[in-house]
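Asker: Have a look; sequence and predicted model below, questions after that.
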Amino acid sequence: MPSTSGATDLTGKLLIAMPGMGDPRFEHSVVYLCAHSHEGAMGLIVNKPTADVTLPMLLEQLSIQAHADLRGKPVRYGGPVEQGRGFVLHTPDYTSAVTTLKVDDGFSMTGTLDVLEDIAVDRGPRFHLIMLGYAGWGPGQLESEIAANGWLTCDASADLVFHTPDPDKWEAALASLGVPLMALSSEGGRA
């Protein structure tokens with residue numbers, strides 16, 4: 001869908017980090033874009049679990065009593081901005097009593113504590129990913145990174161985002177475009 005500036009609106013799409021992008025925080029990342037406009041973009045990395053935080057640990061830190069079995073549920077690194085802030089990317093079957101952003105027909109995002117309270121008692125969204133931090137771009141920054149061969153874009157699917165194992169998401173996103181891994185180059189080109 002075109003935006004008012006004539007650029008493509010990538011809200012609800014996935015960004016796939018290209019090899020050699022130069023920023024180790026995004027190496028092999030798959031980012032779900034929750035918002036994209038002439039004012040900038042906001043997204044969540046969907047394939048990088050944190051090394052040191054699990055959902056039970058997070059709930060305990062927030063004094064949320066869990067009644068559902070949440071052992072082994074990861075918390076993901078959503079991006080380098082505001083890493084102390086939590087976000088839940090989820091299916092649209094759940095709406096927070098406080099605020100939920102419906103991104104498109106397949107995905108919603110909630111950044112308030114009540115979604116974690118509902119997940120802890122098995123009343124949350126059917127499928128979800130919990131992240132700390134987010135990825136953000138200023139006006140024109142993402143477009144410049146795409147033009148510089150930093151990112152590919154593809155459609156987001158619930159299967160890829162919620163059901164594909166994290167280590168496989170990057171290659172699965174590439175495969176959704178029909179791009180074999182060996183065909184990628186870190187060098188950009190112009191015709």
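Answerer: That came through, no problem.
Asker: Confidence-wise, which helix or strand of this protein is lowest on average?
Answerer: In the chain, no helix or strand scores lower on mean pLDDT, DSSP states H and E than strand 49-54, which sits at a mean of 88.
Asker: After it, which helix or strand is next?
Answerer: Along the chain past strand 49-54, the next helix or strand (assigned with DSSP states H and E) turns out to be helix 55-61.
Asker: List of residues touching that next one?
Answerer: Contacts of helix 55-61 from elsewhere in the structure, counted by Cβ atoms under 8 Å, 6 or more residues apart in numbering, are 65-66, 70-71, 73-75, 86, 116, 119-120, 130, 132. Placement of C-beta: from N, CA and C, glycine included.
Asker: same thing but at 7 Å, please
Answerer: 66, 70, 71, 73, 75, 116, 120, 130 (Cβ atoms under 7 Å, 6 or more residues apart in numbering).
Asker: Buried residues in that helix, which are they?
Answerer: Within helix 55-61, the residues scored as buried using 16 or more other Cβ atoms under 10 Å are 55, 56, 58, 59.
Asker: Show me which pair in those residues is furthest apart.
Answerer: For those, with distances taken as Cβ to Cβ, the pair at the greatest spread is 56 and 58 (7.3 Å).
Asker: check which helix or strand covers the residue nearest in space to the middle of the chain.
Answerer: In the chain, the C-alpha nearest the mean C-alpha coordinate belongs to residue 44, at 2.7 Å (Cα atoms, centre = their mean). With elements delineated by DSSP H and E, residue 44 resides in strand 40-45, which encompasses its position.
Asker: Now do that strand: everything it contacts.
Answerer: With contacts defined as Cβ under 7 Å, 6+ apart, strand 40-45 is touched by 15, 29-35, 76-79, 87, 89, 131, 134-139, 141-142.
Asker: redo that, cut-off 8 Å
Answerer: Residues external to strand 40-45 that are found in contact with it (Cβ under 8 Å, 6+ apart): 10, 15, 26, 29-36, 76-79, 87, 89, 109, 129, 131, 134-139, 141-142.
Asker: and those, which are buried?
Answerer: Applying the neighbour count, that is 16+ other Cβ under 10 Å, the buried entries in the contacts of strand 40-45 are 10, 15, 26, 29-36, 76-79, 87, 89, 109, 129, 131, 134-137, 142.
Asker: residues of stretch 157-175 that come out buried?
Answerer: By neighbour count with 16+ other Cβ under 10 Å, stretch 157-175 contains the buried residues 157, 160, 161, 162, 164, 169, 170, 171, 172, 173, 174.
Asker: can you pull the contacts of the fourth one?
Answerer: For residue 162, the contacting residues are 91, 127, 128, 129, taking Cβ under 8 Å, 6+ apart as the criterion.
Asker: count of residues packed around the residue nearest to residue 136 when sequence neighbours are not counted?
Answerer: Once its chain neighbours are removed from consideration, residue 136 has its nearest residue in residue 81; the separation is 4.6 Å (Cβ to Cβ, 6 or more residues apart in numbering). Residue neighbour count, defined by other Cβ atoms under 10 Å, stands at 12 for residue 81.
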